[in-house]
Every structure is written in structure tokens, then in C-alpha cells.
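**Q** Give the three-dimensional model of this entry:
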Amino acid sequence: MDNRLMSALSTAFVQLHARLAPVAFVPEVRLHQADEPIGLWELTEGEFRSDRPPPFWAFAWAGGQGLARYVTDHPETVAGHRVLDLATGSGLVAIAAARAGAATVRAVEIDELAVAAVALNAEANGVHVDAEHGDILDGDARDAEVILAGDVFYSEAMANRVLRFLLRAARGGATVLVGDPGRAFLPRERFTELAAYQVPVSAALESVRVKHTTVWRLRTSRPGTAD
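**A** Take a look at the predicted model:
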């Protein structure tokens, strides 16, 4: 299928199945969000039944909300810097970085629908974000000075690949910040806590209404060794 047609179809899908609304914990940002997750999950062939990823783009996940809150409250973290938002989903963290004064923001996702959502969401918030479709985890962060990653440690396979990518970036001089609501595969010993929040979430997605969410900074060394 022609890339332009695919992009137009993805944009139309996002507009049809999600509505623009403020993010619960970062109301300064508005996103196209789905009201009801199960039906949309089925529409996009969720439950990991196909090659298409679940619709992570349609919800403001706790890790992303916490990280976006931190960047919004601490704009010096990204202001004037080249920022990469890894596995951007809805683009929430990327948009927060752009609003906080980042020099450039690159937002990467493997889902074409997410890329369309990021473009729509950035436009709705009056900021510029370079939304990119692809898997960059086996590569590098290019010239990014700050790497942001919200809610990326939800599976063992994903966590292992993400950690290797983030460590390469950090050892190359980038600052790496992660937002995580206690996912099982976060290697906490690799991180230093910067902030913690009680973040409102969808009970249908998380089985609770609030998730304790932490913003972490990646260390390049293991515990007990010099950083």
C-alpha cells in the first residue's frame, strides 16, 4: 500500500476511535484518547494475536504520565536539548518535552497508528515533534542528548532490548530518564530515583485507579561501582 494512503488511513482511524481530551495527570497536554479499551483492542487485533502492536497510542499510561509530569515541572531537563522519546505511544512525553523547550524532539514507534496519533496530538498542542515509524533498538540514539522512555519495561524481551539501547546512549553521554509504574521487568538496580507520583489510570487497563509511578535516571555502572 502507498505510504501516503497508509498514513491517511491511520490518521482517519485515530480520529474515528479516539477523542481529544486533557491527560489526567498532565492536563496541560491534550491527547486523542480512547474511552473504552477493549473494543479498540479487538479492532486493532490486540492480545498479541497478530503482528500489529496493541493500541498503546490510545491511552495515557502511568509511566508516560509520570515522566511527562516530571519534564513539565522540570523544564531544564530538556530545554535547549535534542530529545528522543523512545516507544512514544501517544506522544505524551514527546509533547511535554517540546512544550518545555526542547531544541528538537524525535518520537519513535513501531506502530503506524501511533505515528499518526503523535502527529495529530502534536498539532493539537501546538508543538513540533518528528514522529518516526521504526524499530531502532538495535541501533543508536544518533545525536540525542536526552532520552525519555515511559512504560517500556512491561515484558522481559522488550526490557532486555530497551536496557541495552539505553545503556549505549547513556555511555555515549546522553541523559536517560524512565517513567515506570512498577512493571516487573524494570532493573531497578540500574537506576536512581528522581521523583514519585500517584498517577490516575484506567481501571480497565490496570485493574486499579491509581498507580505509584517513579521517574528514574539511568546509571551507566552497576551498583557498587563508580558511575
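**Q** the strands in this protein, which residues?
**A** Applying DSSP state E to the chain gives strands spanning 19-22, 30-33, 82-86, 104-109, 130-133, 146-150, 175-180, 191-200, 210-218.
**Q** okay, these in TSV with mean pLDDT, distance to residue 6 and mean neighbour count next?
**A** Glycine gets a C-beta too; all of them are placed from N, C-alpha and C. Formatted as TSV, these follow (pLDDT from 0 to 100; distance: least, C-beta to C-beta, whole Å; neighbours: other C-beta atoms under 10 Å):
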stretch	mean pLDDT	distance to residue 6	mean neighbour count
strand 19-22	96	22	13
strand 30-33	96	18	22
strand 82-86	98	22	27
strand 104-109	98	14	25
strand 130-133	96	10	18
strand 146-150	98	26	26
strand 175-180	98	30	25
strand 191-200	98	33	16
strand 210-218	98	34	21
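**Q** Pass me the low-pLDDT residue ranges in the protein, would you?
**A** 1-2, 36-54, 222-227 (pLDDT under 70).
**Q** measure the residue most central in space within the chain to residue 5 for me?
**A** Central residue of the chain (C-alpha atoms, centre = their mean): residue 88, 3.4 Å from the mean position. Distance, residue 88 to residue 5, by C-beta to C-beta, to the nearest Å: 23 Å.
**Q** burial count for the closest residue to residue 117 other than its chain neighbours?
**A** Counting by C-beta to C-beta, 6 or more residues apart in numbering, residue 57 is the residue found nearest to residue 117 once chain neighbours are left out, at 4.1 Å. Residue 57: 30 surrounding residues under other C-beta atoms under 10 Å.
**Q** which ones are touching residue 57?
**A** The contact partners of residue 57, by C-beta atoms under 8 Å, 6 or more residues apart in numbering, come to 14, 89, 90, 91, 109, 111, 113, 114, 117, 118.
**Q** looking at it, the second one is touching residue 65, isn't it?
**A** When you say that, I think you mean residue 89. No: shown here, residue 89 and residue 65 do not form a contact pair, counting by C-beta atoms under 8 Å, at 10.9 Å.
**Q** who does the closest residue to the residue nearest to the centre of the chain other than its chain neighbours bridge with?
**A** Spatially, and ignoring its direct neighbours in sequence, residue 88 is nearest to residue 107 (3.8 Å; C-beta to C-beta, 6+ apart). Beta bridges link residue 107 to residue 85, residue 131, judged by DSSP bridges.
**Q** Any chance of CSV for the contacts of residue 57, columns distance to residue 201?
**A** Formatted as CSV, the contacts of residue 57 follow (distance: C-beta to C-beta, whole Å):
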residue, distance to residue 201
14, 21
89, 14
90, 14
91, 18
109, 20
111, 20
113, 21
114, 19
117, 18
118, 21
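**Q** between the residues you listed, which is closest to residue 136?
**A** Residue 136 has its nearest neighbour among the contacts of residue 57 in residue 109, at 10.1 Å by C-beta to C-beta.
**Q** That closest one reaches residue 86, doesn't it?
**A** No: Residue 109 is beyond contact range of residue 86, at 9.0 Å (criterion: C-beta under 8 Å).
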